[in-house]
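**Student:** model this:
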Amino acid sequence: MQHKCEDHHMHKINTAEKLALFSDHWNPRIVGELNGQHVKLVKFQGEFVWHKHDHEDELFYVLKGSFRMEFRDRTVVLSENEFLIVPRGVEHRPVADEEVCVMLFEPASTLNTGDAASNELTRTVLEKL
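**Tutor:** Numbering: from 1, shown residues only. Okay, here's the model as predicted:
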C-alpha cells in the first residue's frame, strides 16, 4: 500500500533546477499536473506566432526576466513575479527581447500554437521533467 508521502505529486519542485535542464526556446516542458491542467516551464526569446485558443484560458507567470504579451489592440509588459491570464478566444503573441523564463498553467489539451497553422514552433508532444 502506497503512503501519501510517497506519492509523486507530493514532491516539491524547484523551478530553477528544472529550468537548468534545458536551453531551447518555445518548447514547454511539463513539470506538474493537477485537475486536468499542466504546469509547464518554458524559455522564450524573440517573437512567437499570433494565435488563440478557442477552448482554453492560459496563465503566464514570469519567473525570470520580462516579456511583452501583444494583443491586437494593446500590449502588456510582464516582469518577474507577475502573471497574466489570457482568456480563451483572445488572439495573442508573446515577444521577448531577451530570454525570459515562464511558468504556464493551462489545460492538458492546450496546443502551444493554438489555432495557428502547424509550424516549426508547434509542439504536439511535450517532455516531462
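**Student:** Verify the stated contact: residue 26 with residue 47.
**Tutor:** No. Using C-beta atoms under 8 Å, residue 26 is not in contact with residue 47, being 9.9 Å away. For the C-beta atoms, the positions are set from N, CA and C on the backbone; glycine is no exception.
**Student:** These two - which one has more neighbours?
**Tutor:** residue 26 (20 against 14; other C-beta atoms under 10 Å).
**Student:** Residue 17: what secondary structure?
**Tutor:** Classification of residue 17 using DSSP: H, G, I helix; E, B strand; the rest coil returns helix.
**Student:** In terms of pLDDT, where does it sit?
**Tutor:** pLDDT, residue 17: 96.
**Student:** What is the neighbour count of it?
**Tutor:** Neighbours around residue 17, by other C-beta under 10 Å: 10.
**Student:** which residues touch the helix-or-strand element of the chain with minimal mean pLDDT?
**Tutor:** The weakest-scoring helix or strand in the chain, judged by mean pLDDT, DSSP states H and E, is strand 29-34 (a mean of 92). The contact list for strand 29-34 (C-beta atoms under 8 Å, 6 or more residues apart in numbering) reads 9, 13, 15, 18, 21-22, 38-42, 108, 126-129.
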